[in-house]
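Novice: How does the following fold in three dimensions:
(4 chains)
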Protein chains: 2
Amino acid sequence: MTLQQLRCLCNVVDHGLNLSRAARATNTSQPAVTKMIRTMEKELEVEILVRAGRRIVTVTKAGQELVARARQVLRDIDNLKLAVSDTGGHSRGELRIAATYLHARHVLVDVIRRFGRKFPEVDINLTVGTQTEIARWTSSGEVDMGVGTLPDNMPANLVRLNPYPMSRCVIAPLAHPILRRKKPTLKDIGRYPLITYDHRSKTGQLVERIFATAGITPNVTLKANSADIIKAYVAAGMGIAIVQAMAINKQDRSIRAINVDHLFPASMSWIVVRKDHYLRRFQYEFIAMVSPKWTREEVDRARAAPNSAARSA
Amino acid sequence: MTLQQLRCLCNVVDHGLNLSRAARATNTSQPAVTKMIRTMEKELEVEILVRAGRRIVTVTKAGQELVARARQVLRDIDNLKLAVSDTGGHSRGELRIAATYLHARHVLVDVIRRFGRKFPEVDINLTVGTQTEIARWTSSGEVDMGVGTLPDNMPANLVRLNPYPMSRCVIAPLAHPILRRKKPTLKDIGRYPLITYDHRSKTGQLVERIFATAGITPNVTLKANSADIIKAYVAAGMGIAIVQAMAINKQDRSIRAINVDHLFPASMSWIVVRKDHYLRRFQYEFIAMVSPKWTREEVDRARAAPNSAARSA
DNA sequence: CGTGATTACGTTTATCGTAATTATA
DNA sequence: TATAATTACGATAAACGTAATCACG
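Specialist: Numbering: from 1, shown residues only, chains lettered A, B, ... in the order given. A predicted model of the protein is given here:
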């Protein structure tokens, strides 16, 4: 029994029981794959694959058991390598982050700058994606962690670290009359031309719904899908807009913002990581840089606590 | 990274960092061991062993991390093999049980007979040992489970399945006057010559202590360390004795027994198994044969529940 | 016929063991 | 000087790839 065999078997089931494709994924030849499977079947004295003549039909019960446990072993081997390389004094490696555009563009900028200074040997890889993509990439291990608003139904192998709220605000050009109000109402906002997110974004959906339930039909002059675009058009006098507070920074001199949490409930941002992946020291540190309350201990508790897959023999 | 390398490394630390002995344990040559360690060190880019010249002094921190995780992987591989062979219809293999003499000689006789009939393909291996030995053997994996009274401080990797009480009784020859009492007192018993266990056994300690606290000095005519011996001498008229109820069966026509739970608190018998070893179907069945209340579900709960090592990445 | 699994066979590589070497207690 | 790790080298084996074969759609 070798790890290579287990890896190969997993690739076989992951590629629809197609030995040729599995061979490519394992970086070997098709006959080698056949051999490995057959060798394992002989050693374990069970059939793993059900064959109809020379066609592979399904996986036997024993095979399923085997694959499940093989995956665990291979994960553990991966974690073993990470853990060992993590004991060294200096942290080297790669940190792959998936985030929404908003987080990548605003909150993470400063975090990543600080992280880069502290861990110059770590290559940072930042990928922007949708909520769903972030969850999928993190779940499959394509990235190490995800940051942003996230879908409600998460893959089971992920753990969401305690959320922090994302406030929203209304933004307007400097001299705009709405800026005189401390706590603008929906009606106030509805009086002016409005620039909104399109319905694909969470903010877009939320704004649309809130206005609808209030029975107000805002005068939407433009729909866009990026806070930066929206800000530019607000600055250009096309109207006012509701955007996430984190999208506003001190450099924005041509617009001004007023918090509207009283109108639009804050939505939640999360960090997600896999439960069963080893977290390297610098990964813990990155999380702590995003929010200091997530210490290593807190993160570990969250990973172990709720429905973490208990080790079963 | 191969399993062979991991196995070898574990053997090295398990044999006091002596590569020669580790080589023997791994069924290979000494140079091969050197090579494997060096290969891993190169692949992982860390030192595993600390060498002073050509002498191996200790294990590095990285090495400790590696060994711990390697053990887990190797255990999982063992469990994998067991789990796979357990999916088949017919159960084959070996069941290794450690038990106290008392359990082996009495309670287990019938259980093992029934088990043998139900699983003719399973080789049963029954080893008699002391409480401490049973715990140690089970903990180290030399046997699959232990049955009997057990020490209070158990190795952490064992789980004790809910105990059942072991009653004791006073035994005497057929016409003995004490047999006329339904509920003999300590004083009643103290009137007659007594055969006891020696102080090494739990019953021996218990009887000695109870009499001492009652301020009664029994007239001990013989000390022995086996219920069968004691029974023989009781039958021969040398005196009466206090033994575990399970040591009495219907074939004992020359002696008679009276329960004395009211005088000597029942002690507990346990079944112990390792938490991290896969339990085969027939092992669950064996446990259920010893006591039907320990169903597979109950056993699994006990194994997972209390302080079972949670899977941590 | 084309795709895909299996078989056969030859090559390569890497693992292992013997023997020699060096270092340490 | 004896024990033990390392190095060097030769032998063995098993893992792999190429090519040929066979099955199924």
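
Novice: from here on, contacts and neighbour counts on C-alpha atoms
Specialist: OK.

Novice: Mark out where each domain of chain A begins and ends.
Specialist: A:3-85, A:93-159+A:275-304, A:166-267 (automatic domain parsing).

Novice: The first one: end-to-end distance?
Specialist: Distance between the boundary residues of domain A:3-85 (CA to CA, to the nearest Å) amounts to 20 Å.

Novice: per-residue confidence averaged over that domain?
Specialist: Regarding domain A:3-85, the rounded mean pLDDT is 91.

Novice: now do the last one
Specialist: Domain A:166-267 comes out with an average pLDDT of 90.

Novice: what about it, distance to the chain center?
Specialist: Centroid separation for domain A:166-267 versus its chain: 26 Å, with CA atoms, centre = their mean, to the nearest Å.

Novice: what's the span of it from first residue to last?
Specialist: Start-to-end, domain A:166-267 (CA to CA) is 5 Å.

Novice: what's the neighbour count on A:K250?
Specialist: Around A:K250 there are 6 other residues, counting by other CA atoms under 10 Å in any protein chain shown.

Novice: who touches it in this structure?
Specialist: By CA atoms under 8 Å, 6 or more residues apart in numbering or on different chains, A:K250 lies in contact with nothing.

Novice: Is it part of a helix or strand, or is it coil?
Specialist: Under DSSP: H, G, I helix; E, B strand; the rest coil, the three-state class of A:K250 is coil.

Novice: separation between it and chain B?
Specialist: Taking CA to the nearest CA, to the nearest Å as the measure, A:K250 falls 41 Å from chain B.

Novice: Backbone dihedrals for that residue, please?
Specialist: Backbone geometry at A:K250, expressed as degrees, to the nearest 10, gives phi -70, psi -20.

Novice: repeat for A:Y284
Specialist: Dihedral angles (degrees, to the nearest 10) for A:Y284: phi -60, psi -40.

Novice: For DNA strand C, what's its nearest residue on the stretch 151-300 of chain A.
Specialist: A:Y278 (26.0 Å; CA to the nearest atom of the strand).

Novice: Equivalent analysis for the stretch 101-250 of chain A, please.
Specialist: A:S140 (24.2 Å).

Novice: and that residue, what is it in contact with?
Specialist: Counting by CA under 8 Å, 6+ apart, A:S140 has no contacts.

Novice: Neighbours of the residue of the stretch 151-300 of chain A closest to DNA strand C, how many?
Specialist: By other CA under 10 Å, the residues close to A:Y278 number 21.

Novice: And it, what's its pLDDT?
Specialist: Note for A:Y278: predicted pLDDT of 95.

Novice: which SS class is it?
Specialist: coil.

Novice: Likewise for A:L222?
Specialist: Assigned with three-state DSSP, A:L222 falls in the strand class.

Novice: so what's it bridging to?
Specialist: Listed by DSSP bridges, the beta-bridge partners for A:L222 are A:I195.

Novice: okay, now it: neighbour count?
Specialist: Counted with other CA under 10 Å, A:L222 comes out at 16.

Novice: again with the one 10 residues further on
Specialist: A:A232 sits with 14 neighbouring residues when counted by other CA under 10 Å.

Novice: where's it relative to B:A175, distance?
Specialist: 109 Å.

Novice: same thing with A:A224?
Specialist: From A:A224 to B:A175 the distance is 103 Å (CA to CA).

Novice: Looking at those two, which is more packed in?
Specialist: Using other CA under 10 Å, the more surrounded residue of A:A224 and B:A175 is A:A224, with 16 against 11.

Novice: ok, now which ones touch that one?
Specialist: Counting by CA under 8 Å, 6+ apart, A:A224 has contacts A:195-198, A:230.

Novice: Nearest to DNA strand D within the stretch 101-250 of chain A, name that residue for me.
Specialist: Minimum separation of the stretch 101-250 of chain A from DNA strand D (CA to the nearest atom of the strand) falls at A:G141, amounting to 24.3 Å.

Novice: Not including adjacent chain positions, what is the nearest residue to that residue?
Specialist: Nearest residue to A:G141 in three dimensions, chain neighbours excluded: A:R274, at 7.7 Å (CA to CA, 6 or more residues apart in numbering or on different chains).

Novice: Can you check the pLDDT for that neighbour?
Specialist: A:R274 is given a pLDDT of 95.
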